[in-house]
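In: just the structure for this:
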Amino acid sequence: MQLIPDIAWRGSSGADLRVDPRIVALLRAVRAHGTLRAATAALDVSYRNAWALLGAHARALGAPLVLLERGRGARLAPVGERLLAADDALRNLLERDAALFTVPVEPASAPPGGPLRLTASHDPLLAEWVSASDLRIDLAFRGSQESLSAFARGDTDVCGFHLVPAQAAAAARHLQARRDRLIRFVRREQGLIVRPGNPKKLRGLADVAKRGVRFVNRQRGSGTRTLVDHLLAAESVDPTRLAGYDDEEFTHLAVASSVAAGRADAGVGVRAAALRLKLDFVPLAQERYWFAARRRALSEARLQRFVTALREATLSRLAGRLGGYDATGAGEICTLDALRAS
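Out: Numbers count the residues shown, from 1 in each chain. Below is the predicted model of the structure:
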């Protein structure tokens, strides 16, 4: 188990004001849906409670967070816009350096040996599954290539990476058929994360280039960046034609936050990130997310607990809740030949 940070807002100068955490979610929903009624429906809260919450904060702040206009729905007031922009920026920082801010909690009856070192490409489901489990895992999010390199050097016990079949050869260069084994995690959808309603009518990266919309990319060395380059090559699109190709974020949720905040019109990420921020999603690829471990280490108790936990219902339940994942076969141990058939 790990303790993870969250963000809370309060008034300055000794003001006795603490912003209710539900306010930020409500502001995001208003921005995404354009009316307070649609926002409350998306959050499954009552209109009356939302109205009371906004009113209480407007009185405490001396300024409204949301402007309601008859016949024109709802939009964020300047204070609401600034609050969401700041909240998005802080969450991007936390997500980018998540490993620096998590605090592992070891139970008093912890089994012998240190925690399982897992270096992995960022994935929202993996983060939630590790947090929900009682496994002793030291999780560090890195790009797929960096994770594979760390595993090849022996700097981590397990690495997590993702790929479409065309990328199998690049991953296999870090692995050895006799020494290493693969462990299935999930299949997941990658695609364009766009504003609600897909106002730019994007269907692929060629549209992003042709229409000159603002793009946000993933960092070099990440599996998603490799996927972006693969898709661009498949569509014969020069990367320099993407406005924002060199603008990088380090997680799927950071990409989605950039789109939600209006800093970009589109980025590539997993469906779960789009769903979390109530954004639209245009599917582009199905890919397999794998773990790799040393064959001999699979007989160790901590690796056995890890594999067993992957096969339990918790992972499937979380995958269904987040959306865009298929956990069928999770925990199955495979040879490297499975990479080409993934």
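In: how near is residue 23 to residue 91?
Out: 15 Å (C-beta to C-beta, to the nearest Å). Yep, even glycine has a C-beta here, placed from its N, CA and C like the rest.
In: these two: which is more packed in?
Out: Higher neighbour count among residue 23 and residue 91: residue 23, with 21 against 17, using other C-beta atoms under 10 Å.
In: just give the nearest non-adjacent residue to that one, would you?
Out: On the basis of C-beta to C-beta, 6 or more residues apart in numbering, the spatially nearest residue to residue 23 that is not a chain neighbour turns out to be residue 57, at 6.0 Å.
In: so that neighbour is in which element?
Out: Using DSSP states H and E, the element containing residue 57 is helix 47-61.
In: now the longest helix seen in the chain and helix 47-61, what's the angle there?
Out: Of all the segments assigned as helix in the chain under DSSP state H, the longest by residue count is helix 78-96. For helix 78-96 against helix 47-61, the angle between stretch directions is 100 degrees (axes from the mean of the first three to the mean of the last three C-alpha atoms, to 10 degrees).
In: buried ones in helix 78-96?
Out: Of the residues in helix 78-96, those with enough neighbours to count as buried (16 or more other C-beta atoms under 10 Å) are 79, 80, 81, 83, 84, 87, 88, 91, 92, 94, 95, 96.
In: can you pull the buried residues of stretch 126-146?
Out: 126-130, 133, 135-146.
In: so which of those are in strands?
Out: 137, 138, 139, 140, 141 (DSSP state E).
In: tell me which of these is nearest to residue 225?
Out: For residue 225, the nearest member of those is residue 141. The distance, counting by C-beta to C-beta, is 14.2 Å.
In: the closest one touches residue 251, doesn't it?
Out: Yes: the pair residue 141 / residue 251 is scored as a contact, 7.2 Å apart, by C-beta atoms under 8 Å.
In: give me the low-pLDDT residue ranges for the protein?
Out: The chain contains residues with pLDDT under 70 at 1-2, 13-15, 70-72, 96-102, 104-113, 342.
In: domain ranges for this structure?
Out: What the record gives for the chain is the domain set 2-6+17-96, 98-186+287-339, 190-286, from automatic domain parsing.
In: most tightly surrounded among those domains?
Out: For the domains of the chain, the largest average neighbour count (mean count of other C-beta atoms under 10 Å) is found in domain 190-286, namely a mean of 20.
In: pull the distance from that domain to the chain's centre.
Out: 13 Å (C-alpha atoms, centre = their mean, to the nearest Å).
In: picking up where we left off before, who are the packing partners of the longest helix of the chain?
Out: Packed against helix 78-96 by the contact rule (3 or more C-beta pairs under 8 Å, 6 or more residues apart in numbering; DSSP states H and E) you find helix 21-33, helix 252-260.
In: using TSV, lay out those helices together with distance to residue 277.
Out: As requested, the helices and strands packed on helix 78-96 are exported to TSV (distance: least, C-beta to C-beta, whole Å):
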stretch	distance to residue 277
helix 21-33	7
helix 252-260	5
